[in-house]
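Engineer: structure here, sequence nowhere to be found:
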């Protein structure tokens, strides 16, 4: 029986190298998995960087557009003030505005607003 145990010990020692092959295979799988993970992480970081760059460019574009719109609003408000002043000065000078019939005043202004000025001879 002692020989049986020795024979089983020798078979165990011959099995060891195949176990080493299995470990090498597992190690190679780990290396491949790590490499694949590294490439995926790199690709993800590139996508994040691209997205951040795109958002930054869009933000700059919107800031410029916002500034242009604010400038236009300021210009339109100045125009509104000017035309309000012109209207007030016109109302004080216009004889038609003193008439009690407002419909006549507006129709008078609408009729004369579209006609070219007459030449005086």
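Structural biologist: Sure thing, it's come through. In this text, all values refer to a predicted model and were calculated from it rather than measured experimentally.

Engineer: please give the element, helix or strand, for residue 36.
Structural biologist: Assigned by DSSP states H and E, residue 36 belongs to helix 2-93.

Engineer: and that helix, average pLDDT?
Structural biologist: Averaged over helix 2-93, pLDDT sits at 87.

Engineer: which secondary structure elements does that helix contact?
Structural biologist: The contact analysis (3 or more Cβ pairs under 8 Å, 6 or more residues apart in numbering; DSSP states H and E) places helix 2-93 against no helix or strand. (Each C-beta comes from the backbone N, C-alpha and C, glycine too.)

Engineer: what is the burial count for residue 94?
Structural biologist: Neighbour count for residue 94, taken as other Cβ atoms under 10 Å: 14.

Engineer: which residues sit in contact with it?
Structural biologist: Contacts for residue 94 (Cβ atoms under 8 Å, 6 or more residues apart in numbering) come out as none.

Engineer: for residue 88, see how far away it is.
Structural biologist: For residue 94, the distance to residue 88 equals 11 Å [Cβ to Cβ, to the nearest Å].

Engineer: do the same with residue 61
Structural biologist: From residue 61 to residue 88 the distance is 41 Å (Cβ to Cβ).

Engineer: repeat that for residue 62.
Structural biologist: 38 Å.

Engineer: cool, and residue 25?
Structural biologist: Separation of residue 25 from residue 88 (Cβ to Cβ) stands at 93 Å.

Engineer: and for residue 46?
Structural biologist: Per Cβ to Cβ, residue 46 is found 63 Å from residue 88.

Engineer: one more: residue 27?
Structural biologist: From residue 27 to residue 88 the distance is 90 Å (Cβ to Cβ).

Engineer: do residue 37 as well
Structural biologist: Distance from residue 37 to residue 88, by Cβ to Cβ: 75 Å.

Engineer: do residue 35 as well
Structural biologist: 79 Å.

Engineer: can you check residue 33 too?
Structural biologist: Counting by Cβ to Cβ - residue 33 and residue 88 are separated by 81 Å.
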